[in-house]
Structure formats: C-alpha cells, structure tokens
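Asker: Sequence first, predicted model second:
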Amino acid sequence: MKMDAPTLTALNELFRNVAQQADWKAALDTLFVSLRGEFVFDNVAIYLLDPHSKGLDVVYARAMGRGKTAEADAAWGELIASQVLNSGKSIVHEPTKAHTDRLMLAYLLGLPIHLGGRLSGALVFVRFGGPPYSEAHVALASLQAFWTSSLIERRDLQEARDELESVQRQMRLQDDFVSTISHELRTPLGFIKGYSTSLLRQDTTWDQDTTHEFLNIIDEEADRLSHLIENMLESARLQSHTLQFKFSPIRLDALVRDVTTRVKMHQPDLEVELDFENVPPIRGDGLRLSQVFENLFNNALKYAPNSKISISMRNQDEKLKVAFADQGEGIPEEFIPFIFERFYRVPGEAGVTGTGLGLYICNQIILAHHGKIWAESELDKGTTFFIELPVDALV
Ligand code: ADP
C-alpha cells in the first residue's frame, strides 16, 4: 500500500479529531462527513444486537444525500444487517433489475461490528442509484467500521465507569450513614434516658416546673426519634417501591397554607410569603405532598436559619410550578447534583443534624406524582427548590 505524505497527514489529523470528541455520535458524524470525499453514500445506520431480546436496535442513523431517509426510520438496512450478523462477513447487495427511479436502485454495503471481540452488530451504507462499491471503497468502509466499533466500545466503557462511580459513591454514603444514624439515634435516646433517670431518682424531689420541663424534653426527643425512624422506614419503602400512594383531587395551595400554619405554630417568628395565582386542582396524595413541604421547611429552618421563606405557585403549560425559596447561605454548585441522593449530606454542615434522607424522600414522592423537583442555589443569596406537577384535565 502506498500513501503520500499529504494523505497520511490528513488521515492523522482526522483520526485525532475523531478520537478527541467526547460524544461518540458526534465523533462518527465527523468521520463519515470527512471521508465522504473519498467514500460517497446517501444513508448510513448502525444496528446493534440487543443481548436480551436478540433483536436489532438502530443506535445511529444519518441521511446525507439523495433520498433522505428519516433518521429514525432505518428499516432499509435491517435485512443486510442481519445477514452480516449471520455470516460475520461484509456483504454487498446490488440491484439486479434496472429502474427509472433512483430510489429503487439501492446499493447496500454491510460490515460487521465487533465489541469486546464479539460480533455485535453491523454498519450499513446505502447509495441510491450507485455507483457500485469498488475494492477501495470497501477498504475505506472497513476502516470506518473499525472506528465505529472502537467508539462504541469507548461509550460502553464510559457508561460502565459512570455506573461504577455511582455504586462506589452509594457505598461510601451507606458507610457514612451508619455513623450518622447511630449518632442521630443516640442523641435523643441519651436525653430521654438522662431526664427520665433524673426524674426517677429516689433521693431527689423535683418541683412541678422542673418536672414539667424534663417531661417536655423527653416528649420532644421522643418525637424526634419517631420522626427519624419514620423517615428511615419511609425511605426504605420508597426504595423498594412498597409505599402505597392514595391519589385524589387536591388543592396544593390549601395544602401548603396548612403546612405553613403548622410550622408557624412552632416557629412564630418565621416569615413566610405566599404568592399563589389561579392554582388548579391536581391529582395527588395529600399526606405525601405535605411531607414534601414539611421537609423543605425543615431544611430551610436548619440550613437557612432566620431567613424569610417565599413560596410561589403558578399554572403554566399544563403544569403546576412551585418555587420554595430561602435566603440562606446556599449550596456550593458542585454538591447540588447529589443532594437528592439517598443518605447524601453536603460536607461541612458542622453541627447541623440530619440523615440525608429528606430530599431523597421528596424526590421519590414527586416522581410518584409524575413530576420533578430540582434545586438552584447561589452562595450567600439562598436556595430555591422548584417542583413541577402535571395538571390533569380530568381532575
Ligand atoms: P439532611 O438530613 O442532611 O437535612 P436532606 O436530604 O434533607 O438531608 O438534604 C441533603 C443536603 O442538602 C443537606 O445535608 C444540606 O446540606 C443540603 N440542603 C438541603 N436544603 C438546604 C437549604 N435550604 N439550604 C442549604 N442547604 C440545603
């Protein structure tokens, strides 16, 4: 094989460009478009064998020239792709009969794709109306099939690495959780034990006010313990999808007003601004949705103490959009993607107790309502939680 220096330089440049692109589909686009000067085709598609269903999935399709085919509709190459998979070899199909319509004259070239050393799919090109594939064309297409295999393998590796990282993070969180939870359980238990032992001492008598104060502490700590255990059970049920939801038409504005009133009974100084505009009824589980707002209030009180809270609700594009904003210290941007994960706590929240379950529970409840929840935050300005819930016309 002879290649001149400019050809080698151009190929080198092209391969470097392809290899540098993070997105495998964009890399393939570059490869196919750049080589079209040497290798013309109208459509290209990649078919991969689904290991479970054993069917062929179209994972990439582009229409470049005459007789553009919709990208999703790559039925034209399915037959040759399965023949390539059966034989393990490159196959050329050329029309046997003449036709006046170019689109009826499909020149197909199918090449095998190997992933991890296994025959896993086919790369298929079509030229409408020819010309036939020369030996040089088939060689160039094989080079493209080789790159296709490498880029898909790289994608698979990247996905496996992402999954591994997520599992590792989850394992670390579980480890942290054990130490957090033992601390969280011990603290209220310590209070309950300490104050009840004091009350039971035979050698001391307590006046009525002190007795009342001790009993109040025991009562509050028992509530804290029960809330904690409830949260743990709830998160376990949500994870195993065994939590039952009872859906009925509800008014979210009234629900949030009720939660606000309850919170303000314990926190009379808390400033809450409500801004609700023509809020339609939605289908939801009132108890669970109350829990979402209770958790958001709890967090605002813990992480944005003394801050005003603003809650707005709008009906927009068939969705009920809620914004729950505080004016606290905010959450550093790099931690925001993780705060809805089970057990996740932003590092450095010294002195603020928690288990990392609250926002996980909120997210699961909103997902069960076919909605979504996310957070935006600006340091020293505050954090806003956004919730979108579908407005069902049939409510
Ligand atoms: P936790 O039990 O730690 O409060 P959550 O799941 O409720 O668990 O919250 C996860 C993390 O998100 C918290 O550890 C906290 O760092 C952060 N966070 C939640 N709400 C706020 C808020 N309003 N302002 C700042 N940080 C918040």
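Answerer: Received, thanks.
Asker: tell me which parts of the protein are close to the ligand?
Answerer: With CB under 6 Å from any ligand atom as the criterion, the chain meets the ligand at residues 299-300, 303-304, 326, 328, 331, 339, 344-346, 349, 354-360, 383. For every residue, glycine as well, the C-beta is placed using N, CA and C.
Asker: Quick check: pLDDT value at the spatially most central residue of the chain.
Answerer: Centroid-nearest residue in the chain: residue 337, 9.3 Å away (criterion: CA atoms, centre = their mean). Per-residue pLDDT puts residue 337 at 95.
Asker: again, but for residue 231
Answerer: With respect to pLDDT, residue 231 scores 87.
Asker: Over to residue 250?
Answerer: You'll see residue 250 listed with a pLDDT of 95.
Asker: sorry, back to before: among the residues of the chain next to the ligand, name the ones in strands.
Answerer: Cross-referencing the residues of the chain next to the ligand against strands under DSSP state E gives 326, 383.
Asker: Among the residues of the chain next to the ligand, which ones are in helices?
Answerer: 299-300, 303, 358-360 (DSSP state H).
Asker: The residue lying farthest from the centre of the chain and the ligand: what is the separation?
Answerer: Centroid-distance maximum for the chain: residue 203 at 60.6 Å, with CA atoms, centre = their mean. When distance is defined by CB to the nearest ligand atom, to the nearest Å, residue 203 is 40 Å away from the ligand.
Asker: got the contact list for that residue?
Answerer: With contact set as CB atoms under 8 Å, 6 or more residues apart in numbering, residue 203 has no partners.
Asker: Please apply the same query to residue 156.
Answerer: Contacts of residue 156 by CB under 8 Å, 6+ apart are 115-116.
Asker: next structured bit after the helix or strand containing it?
Answerer: Assessed by DSSP states H and E, residue 156 sits inside helix 135-200. Tracing the chain past helix 135-200, the next element assigned as helix or strand by DSSP H and E is helix 208-239.
Asker: where's that following helix relative to the chain centroid, distance-wise?
Answerer: Helix 208-239 sits 34 Å away from the centroid of its parent chain (CA atoms, centre = their mean, to the nearest Å).
Asker: same thing with stretch 257-265?
Answerer: Computed by CA atoms, centre = their mean, the chain-centroid distance of stretch 257-265 equals 32 Å.
Asker: what's the model's confidence in it, averaged?
Answerer: Averaging pLDDT residue by residue across stretch 257-265 gives 96.
Asker: And the contacts of it?
Answerer: 270, 272, 274, 290, 293-294, 297, 301, 311.
Asker: Dump the C-alpha coordinates for it into PDB.
Answerer: What follows is stretch 257-265, C-alpha atoms only, in PDB (Å, rounded to 0.1, in the frame of the first residue of the first chain):
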ATOM      1  CA  ARG A 257     -51.200  27.000  53.600                       C
ATOM      2  CA  ASP A 258     -52.000  24.300  56.200                       C
ATOM      3  CA  VAL A 259     -48.300  23.100  56.400                       C
ATOM      4  CA  THR A 260     -47.200  26.700  56.800                       C
ATOM      5  CA  THR A 261     -49.700  27.300  59.600                       C
ATOM      6  CA  ARG A 262     -48.400  24.100  61.400                       C
ATOM      7  CA  VAL A 263     -44.800  25.100  61.000                       C
ATOM      8  CA  LYS A 264     -45.500  28.700  62.300                       C
ATOM      9  CA  MET A 265     -47.100  27.200  65.400                       C
END
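Asker: List the buried residues for it?
Answerer: 259-260, 263 (16 or more other CB atoms under 10 Å).
Asker: Of those, which is the nearest to the ligand?
Answerer: Among the buried residues of stretch 257-265, residue 263 lies closest to the ligand (CB to the nearest ligand atom), at 13.8 Å.
Asker: now the closest one: how far from residue 371?
Answerer: 22 Å (CB to CB, to the nearest Å).
Asker: one step back: in a strand, that's where the residue nearest to the centre of the chain is, yeah?
Answerer: No: secondary structure assignment places residue 337 outside any strand; it is helix (DSSP: H, G, I helix; E, B strand; the rest coil).
Asker: Relative to the ligand, how far out is it?
Answerer: Distance from residue 337 to the ligand, by CB to the nearest ligand atom: 11 Å.
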